[in-house]
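**Student:** Below are the sequence and a predicted model; questions follow.
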Amino acid sequence: MFSKVKIIAEIGVNHNGSITRAKKLIDIAKDAGADFVKFQSYVTENLLNQYEPLMRYQKFNIKRKINQFEMLKNFELNFFNQNQIKKYFKEKKIRFLSTPYDMDSVKNLIKMNLKLFKIGSSDCNNVLMINYLLNRNKKIILSTGCVNEKELKNILNKINYKKYRNKIILMHCTSFYPAPVNTLNLSVINSYSKKFKLIPGYSDHSSSLITGALAVQFGAKFIEKHITLDKNDFGPDHKASLEPKEFREYINNIRFAEKAFGNPKKKIMNLEKPIKRKMQKSIYTTNELKKGAILKENMLTLKRPNDGISALNIFKIINRKINKNLKKNHKISFKDLY
């Protein structure tokens, strides 16, 4: 379905409510080689109650006396601003993507003619939202943080995933920011393809520059990574995000991994062909041999290049009789044998 791994630059709320900052991040993503840039669409009042405290990782990353409602309200982009930003995407020739967190935002994104939607882990079990999109012929990228395999199977069955296999991309992720390396469990990625026959992906919340490249080796076709202008900025996700130079290196690592991965069929590479004969070995004598001698293993040695009898065929000439006197270090040919 996709010729190369698709890379999603996740801005999320790292624009901190600023359209100017959002455009700078779009520029960075485009210049680094991302395929999509993703935002988060929400109406704060529809998302959570106004007294909800910060989550553990948010407290650690923000270190301010503020609750979730206040934090997210500061970063909210209204529908008008989202439409303005989408126009900038057209100018930059990069694809716009967003994660809606409420149904009003879903409907607004549909009005914006979005064809592909990202469903965050917090709405992984929101079968109402997922079915609403699938029933309207929309494709979804479904993140799966904070669920186990049994829960995931139940979710997929409730949305009748087998009917929508060509419309669902299943993203493995660990919902912590940044996620410690021992919690990444990248082996899950390949299981999504094998167990559910869905396109697998990886939403990377680690702080590593190589995790995306590793995910490619486990079969990820989509990789999502947060980006920021500065990891020390105010906000919940900056510390789990990559700054511009890091993000460029991150993408380069993914593209390197794609090229290195190749295919499982073993073959001689074109650049190997000229050196194959020079690297491999032929059969030579270890000492002078008299006509009529019967060749034994200790009379023979193997040396480069492979322009005589190949080392592969040594057992074919052991116990054969020679038809002439042979000097030491003589390269044996079948013409030397009876």
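**Tutor:** Yep, that arrived.
**Student:** can you list the residues that contact the helix or strand hosting residue 193?
**Tutor:** Element membership of residue 193 [criterion: DSSP states H and E] is helix 187-196. With contacts defined as C-beta atoms under 8 Å, 6 or more residues apart in numbering, helix 187-196 is touched by 156, 161, 170, 172, 198-202, 215, 218-220. Bear in mind the C-beta positions are built from the backbone N, C-alpha and C, glycine included.
**Student:** correct me, but residue 130 touches residue 119?
**Tutor:** Yes. Under the criterion of C-beta atoms under 8 Å, residue 130 makes contact with residue 119 at 6.2 Å.
**Student:** what residues are shared contacts of the two?
**Tutor:** 140, 142.
**Student:** show me where pLDDT drops low in this structure?
**Tutor:** 1-3, 57, 60-61, 63 (pLDDT under 70).
**Student:** Please parse it into its domains.
**Tutor:** Per automatic domain parsing, the structural domains of the chain span 6-261, 273-336.
**Student:** which stretches of the stretch 51-200 of the chain form helices?
**Tutor:** Under the criterion DSSP state H, counting those that start in this stretch, the stretch 51-200 of the chain carries helices at the ranges 56-62, 68-75, 79-92, 103-111, 127-134, 149-158, 187-196.
**Student:** Which other helices and strands does the second one contact?
**Tutor:** Okay, so that is helix 68-75. Under the contact definition 3 or more C-beta pairs under 8 Å, 6 or more residues apart in numbering; DSSP states H and E, helix 68-75 sits against helix 44-47, helix 56-62.
**Student:** Pull the distance from that helix to the chain's centre.
**Tutor:** 31 Å (C-alpha atoms, centre = their mean, to the nearest Å).
**Student:** ok, then the element right after the lengthiest helix in the chain?
**Tutor:** What stands out as the longest helix in the chain, according to DSSP state H, is helix 244-261. From helix 244-261 onward toward the C-terminus, using DSSP H and E, the following helix or strand is helix 273-279.
**Student:** quick one: contacts of that following helix?
**Tutor:** 268, 304, 305, 306, 307.
**Student:** Now rank these by neighbours and give me the top one.
**Tutor:** residue 306 (18 neighbours; other C-beta atoms under 10 Å).
**Student:** Could you export stretch 223-232 as CSV, CA atoms only?
**Tutor:** Extracted C-alpha coordinates of stretch 223-232, given in CSV (Å, rounded to 0.1, in the frame of the first residue of the first chain):
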residue,chain,number,x,y,z
ILE,A,223,6.2,6.4,12.4
GLU,A,224,5.1,9.4,14.5
LYS,A,225,7.5,11.6,16.5
HIS,A,226,7.0,14.8,18.5
ILE,A,227,8.9,17.8,17.5
THR,A,228,9.6,21.1,19.2
LEU,A,229,11.6,24.3,18.9
ASP,A,230,13.1,23.9,22.4
LYS,A,231,12.8,21.0,24.8
ASN,A,232,12.8,23.4,27.7
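**Student:** list the buried ones in that stretch?
**Tutor:** 223, 224, 225, 226, 227, 228, 229, 231 (16 or more other C-beta atoms under 10 Å).
**Student:** and of those, the nearest to residue 51?
**Tutor:** residue 226 (27.1 Å; C-beta to C-beta).
**Student:** which residue sits closest to the closest one in space, ignoring its chain neighbours?
**Tutor:** residue 241 (3.7 Å; C-beta to C-beta, 6 or more residues apart in numbering).
**Student:** isn't the one you found right next to residue 231, touching?
**Tutor:** Yes. With contacts defined as C-beta under 8 Å, residue 241 counts as touching residue 231 at a distance of 6.4 Å.
**Student:** sorry, back to before: okay if I get the contacts of helix 273-279 as JSON lines plus secondary structure?
**Tutor:** Shown next, in JSON lines, are the contacts of helix 273-279 (DSSP: H, G, I helix; E, B strand; the rest coil):
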{"residue": "268", "secondary structure": "coil"}
{"residue": "304", "secondary structure": "coil"}
{"residue": "305", "secondary structure": "coil"}
{"residue": "306", "secondary structure": "coil"}
{"residue": "307", "secondary structure": "coil"}
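**Student:** May I see those residues arranged in a markdown table, with distance to residue 69 as well?
**Tutor:** Output for the contacts of helix 273-279, formatted as a markdown table (distance: C-beta to C-beta, whole Å):
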| residue | distance to residue 69 |
| --- | --- |
| 268 | 63 |
| 304 | 74 |
| 305 | 75 |
| 306 | 74 |
| 307 | 78 |
